[in-house]
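# Below is the sequence, then the predicted model.
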Amino acid sequence: MSRGRPVRIDDESILTATRALLAEQGPHVTSALIAARAGISEATIFKRFATKADLFRAALQVDEEELVRPFERLSQIAGASSVRENLTEAARAFLQARERLATPLRAQLRSHRVDHDASRERLRLAVVSHVELYVALEVSCGRVPASLARSFATTYVACLWGLSKERAEEELRDALELLFGALARAA
């Protein structure tokens, strides 16, 4: 009987299972339960991570800057496509990043390891800065009225920050419809 090639599991599969269980059960989750969720043995976990604390540390590391990256790119595409297409694409990329980071962020909050409000505000201000720069560039291209630039950027970011997890796509569509309707009337 041929056993075939052994199943190869990467660290990310272990970390994904760990994040999900930390979010569900908190820091008292067992390594046996994590192993079962990942479909591996406990020994496999400890071949990759020396201790349970090392596993938790790795699982809780989050690159929150991933939420800002879609907006960093906006200034490079000013004048291309339409303002609506550019901001819709950035918003969707933001929502995808938010979804990927949601579990580890919830786990961090549950374990009280981050100052969530300060971190969230720092990220929001970074996004506002990038969106304001993009809108200013679009003003210089004549595609956004100067009188609306700052309020438009601020409102756009406020809409993103307020989107619910359950209805984000629908709420985004409605918010952009309102924003771009106001922009069209002002032009």
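Okay, I see it.
# Which residues are in contact with residue 92?
residue 172 (Cβ atoms under 8 Å, 6 or more residues apart in numbering). C-beta coordinates here come from the backbone N, C-alpha and C atoms, glycine included.
# please redo it, this time with the cut-off set to 7 Å
For residue 92, the contact set (Cβ atoms under 7 Å, 6 or more residues apart in numbering) is empty.
# for it, phi and psi?
phi -70, psi -40 (degrees, to the nearest 10).
# Could you do residue 28 as well?
phi -90, psi 10.
# Outside of the helix or strand hosting residue 150 itself, list whatever touches it.
Counting by DSSP states H and E, the element that carries residue 150 is helix 149-162. Taking contacts as Cβ under 7 Å, 6+ apart, the residues outside helix 149-162 that touch it are 87, 91, 94, 124, 127-128, 131-132, 135-136, 139, 144, 175, 179, 183.
# CA-only coordinates of it, as PDB, when you get a sec.
This file holds the C-alpha atoms of helix 149-162, laid out as PDB (Å, rounded to 0.1, in the frame of the first residue of the first chain):
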ATOM      1  CA  ALA A 149     -12.700  68.700  -2.000                       C
ATOM      2  CA  ARG A 150     -12.100  68.600   1.800                       C
ATOM      3  CA  SER A 151     -15.700  67.800   2.800                       C
ATOM      4  CA  PHE A 152     -15.900  65.100   0.100                       C
ATOM      5  CA  ALA A 153     -12.700  63.400   1.300                       C
ATOM      6  CA  THR A 154     -13.700  63.500   4.900                       C
ATOM      7  CA  THR A 155     -17.200  62.200   4.200                       C
ATOM      8  CA  TYR A 156     -15.900  59.400   2.000                       C
ATOM      9  CA  VAL A 157     -13.600  58.200   4.800                       C
ATOM     10  CA  ALA A 158     -16.300  58.500   7.500                       C
ATOM     11  CA  CYS A 159     -18.500  56.400   5.300                       C
ATOM     12  CA  LEU A 160     -15.800  53.700   5.100                       C
ATOM     13  CA  TRP A 161     -15.200  53.700   8.800                       C
ATOM     14  CA  GLY A 162     -18.900  53.300   9.500                       C
END
